[in-house]
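Asker: Using only what follows, build the 3D model:
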Amino acid sequence: MKVSLRVISLSFLIVMAMGLGTFSQAQDVAVDPSCVKAEAAQPAGKVIPEDLTADLNVSLYSQYIWRGYELSRGSLVIFPTMTVGYKGFAVNLWADLDTRFAGSDNHGKFRLQETDVTLSYSNSYEPWKLNYTVGWILYNYQPYQNQELFLTLGLDTILKPTFTVYNEIEIGQAWYFSLGVSHSFPVNKDWSLDVGGWVSYLHDKSDNTFANFHDGNISAGLKIPLNNYLSVKPNIQYSFPLSGDASREIRGVSYSDSNNFVYGGIIFDLAI
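Answerer: This next block holds a predicted model:
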């Protein structure tokens, strides 16, 4: 599975590079109208069938922070991702390219450190303004592999509240609960200031039992559509522990002796 995932990831990166290259040639023709895993701009004229959606996204970030943990240090990290959807079903491929890996293996070298696959189904119940997503995630973080099932419930109302539950099903016995809100403020024409945040609770019986509030995160980004398909978004985030237990646990797992992080970068998104 690890070999096949790496082959899929490398193929995906080649396809994405071709897609971005093709689009760059059309930028001068089409003038006018995205976060780490899929804020797609809505194109004025789709170039693929209406029921089929595709999104290519590349994020250049100062750090890789996941659920409060610092998984990179002192390097530029690149997160390419591709999502293809059809009538609510979606397949997502995501990768972590660390330009200066901080781990003991291949320290200081460029490394394809992680490849993830997500399968999901999304729908909505209009009378309650409720939307939901159910899915499965395969994490391949060298040299480990893990799987999770997840359920996300969201309300199409003020602050767009979402509640997500993740459950480990392979190597651990962890439940991770996340409650998030977000809002988009119009700034100039099609520009928008996107702000959001979440708080989380972790119940993990894998090794030493952890049951407490875990990490919080707040973010702000300025989304700038460049034309009907491509947008760019400078983004900044702040990750912090929500309890004393989380403070010690995050510090113990992270590369540096820290448990709160300010990080950010720029996100390029192509929706077709």
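Asker: drop to CA atoms for contacts and neighbour counts, all remaining ones
Answerer: Will do.
Asker: ok, what's across the strand from residue 85?
Answerer: Per DSSP bridges, the residues bridged to residue 85 are residue 53, residue 90.
Asker: Apologies, that question was intended for residue 193.
Answerer: Residue 193 forms beta bridges with residue 185, residue 222, as assigned by DSSP bridges.
Asker: and it, how many neighbours does it have?
Answerer: Neighbours of residue 193 under the rule other CA atoms under 10 Å: 17.
Asker: ok, now which ones touch it?
Answerer: Residue 193 makes contact with 184, 185, 186, 187, 220, 221, 222, 223, according to CA atoms under 8 Å, 6 or more residues apart in numbering.
Asker: how near is it to residue 120?
Answerer: Distance, residue 193 to residue 120, by CA to CA, to the nearest Å: 28 Å.
Asker: Put the buried members of the contacts of residue 193 into a ChimeraX selection.
Answerer: Those of those that count as buried under 16 or more other CA atoms under 10 Å are selected in ChimeraX with:
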select :184,220,221,222,223
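Asker: What is the nearest of the contacts of residue 193 to residue 125?
Answerer: residue 184 (22.6 Å; CA to CA).
Asker: Residue 223: what's its closest spatial neighbour, skipping adjacent residues?
Answerer: residue 233 (4.4 Å; CA to CA, 6 or more residues apart in numbering).
Asker: does that neighbour have beta-bridge partners, and which?
Answerer: Residue 233 has these beta-bridge partners by DSSP bridges: residue 267.
Asker: surely it meets residue 268?
Answerer: Yes - the criterion here is CA atoms under 8 Å, and residue 233 meets it with residue 268 at 6.5 Å.
Asker: This protein: helices as residue ranges?
Answerer: Along the chain, counting by DSSP state H, helices occupy 2-26, 244-253.
Asker: Between those, which has the poorest mean confidence score?
Answerer: Mean pLDDT values for the helices of the chain show the minimum at helix 2-26, a mean of 40.
Asker: Around residue 144, how many other residues sit close by?
Answerer: Residue 144 has 10 neighbours, counted by other CA under 10 Å.
Asker: where in this protein is pLDDT low?
Answerer: Low-confidence segments of the chain (pLDDT under 70): 1-49, 104, 106.
Asker: residue ranges for the strands of it, please.
Answerer: Counting by DSSP state E, the chain has strands at residues 52-61, 65-66, 69-70, 77-86, 89-98, 111-125, 130-141, 144-155, 162-168, 174-186, 192-204, 210-225, 230-241, 261-271.
Asker: tell me which strands and helices the fourth one is in contact with?
Answerer: It refers to strand 77-86. Secondary-structure packing of strand 77-86 (3 or more CA pairs under 8 Å, 6 or more residues apart in numbering; DSSP states H and E): helix 2-26, strand 52-61, strand 89-98.
Asker: same thing but at 6 Å, please
Answerer: strand 52-61, strand 89-98 (3 or more CA pairs under 6 Å, 6 or more residues apart in numbering; DSSP states H and E).
Asker: how far away is residue 167 from residue 93?
Answerer: For residue 167 relative to residue 93 (CA to CA), the value is 20 Å.
Asker: Look at the two and report which has more neighbours.
Answerer: Counted by other CA under 10 Å, residue 167 and residue 93 do not tie: residue 93 has more neighbours, with 23 against 19.
Asker: thought that one was touching residue 84?
Answerer: No - the criterion here is CA atoms under 6 Å, and residue 93 misses it with residue 84 at 9.1 Å.
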